[in-house]
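Colleague: Dropping a prediction and its sequence here:
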Amino acid sequence: MEKQRRLRHGLILKLIAGESLASQDELRRRLRHLGHRVNQATLSRDLHELRLVKTAEGYKPVTPAEAVPSRPALSRVLREFLLEMRPAQNLLVLKTPPGGAQPLAVSLEAEKWKEILGCVAGDDTILLILGSGKSRGAVAHRLQELVR
C-alpha cells in the first residue's frame with residue numbers, strides 16, 4: 001500500500017510539473033489514464049500530504065512562507081475566488097468559480113478560526129459549519145471585511 005502511495009505521489013508531482021491541470025477531477029483522470037485509479041478523497045489526501053495547492057496556473061507546492069497562515073493571503077484568495085456567500089442557520093455556503101473551492105477552503109482552514117467547526121469543499125462550493133447563528137454572523141462579517 002505504501003509503495004502504491006509513493007508511486008502515486010511521484011506521478012502527481014510529475015503531472016503537475018509537466019502541465020497545468022485545472023481541477024482535481026482533471027488530475028484524477030490523468031492518473032487513471034496512466035493506470036492509477038484513485039477516488040476524490042484519496043486524491044485530496046495526496047494533495048494535502050504533498051503540500052500542493054491550486055492556483056490560477058494549476059497545482060503548485062506551498063512554499064514555507066505561504067504555509068504560515070496570514071490575513072493578507074486569505075484576503076487575496078477571498079478576492080480571487082469568493083463569488084457569493086449565503087447564510088443558513090449555523091452554516092455559510094460560499095460559492096466560487098469552478099475549481100476555486102479547494103484553494104479557498106485550504107486558506108480558510110489554515111486560519112484555524114475557533115468559530116469554524118468544519119469545512120467541506122467541492123469544486124465550486126464550500127460549506128462552513130459554525131457553532132451557532134451568532135458565530136455564522138461573525139464569520140460572515142469577518143470574511144466581508146477581508147474582501148474589501
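Modeller: Cool, got the structure.
Colleague: Which element, helix or strand, includes the residue nearest the centre of the chain?
Modeller: Geometric centre of the chain, nearest residue: Gln102, 2.2 Å, by C-alpha atoms, centre = their mean. Per DSSP states H and E, Gln102 falls inside helix 101-111.
Colleague: you'd agree the residue nearest to the centre of the chain is up against Ala121?
Modeller: Yes: the criterion here is C-beta atoms under 8 Å, and Gln102 meets it with Ala121 at 5.5 Å. In short, each C-beta sits where N, CA and C put it, glycine included.
Colleague: Which residue ranges of the chain form helices?
Modeller: For the chain, helices defined by DSSP state H occupy the ranges 2-18, 24-33, 40-49, 64-67, 71-81, 101-111, 133-147.
Colleague: export those helices to CSV and tack on distance to Thr55 and mean pLDDT?
Modeller: Below are the helices of the chain laid out as CSV (distance: least, C-beta to C-beta, whole Å; pLDDT from 0 to 100):
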stretch, distance to Thr55, mean pLDDT
helix 2-18, 11, 84
helix 24-33, 14, 91
helix 40-49, 12, 86
helix 64-67, 10, 51
helix 71-81, 9, 77
helix 101-111, 7, 87
helix 133-147, 19, 93
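Colleague: any idea how far Glu80 is from Leu34?
Modeller: Distance, Leu34 to Glu80, by C-beta to C-beta, to the nearest Å: 31 Å.
Colleague: In terms of residue numbering, what are the domains of the chain?
Modeller: 2-65, 69-147 (automatic domain parsing).
Colleague: hang on, the earlier thing: residues contacting the residue nearest to the centre of the chain?
Modeller: Gln24, Ser44, Val53, Lys54, Ala121, Asp123 (C-beta atoms under 8 Å, 6 or more residues apart in numbering).
Colleague: Show the contacting residues for the residue nearest to the first one when sequence neighbours are not counted.
Modeller: Leaving out its chain neighbours, the residue that sits closest to Gln24 by C-beta to C-beta, 6 or more residues apart in numbering is Leu43, at 5.5 Å. The neighbours of Leu43, taking C-beta under 8 Å, 6+ apart as the test, are Gln24, Leu27, Arg28, Leu31.
Colleague: Now neighbour count and distance to Leu91 too, for these, in JSON lines please.
Modeller: Listed next are the contacts of Leu43 as JSON lines, based on neighbours: other C-beta atoms under 10 Å; distance: C-beta to C-beta, whole Å:
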{"residue": "Gln24", "neighbour count": "21", "distance to Leu91": "23"}
{"residue": "Leu27", "neighbour count": "24", "distance to Leu91": "29"}
{"residue": "Arg28", "neighbour count": "18", "distance to Leu91": "28"}
{"residue": "Leu31", "neighbour count": "19", "distance to Leu91": "33"}
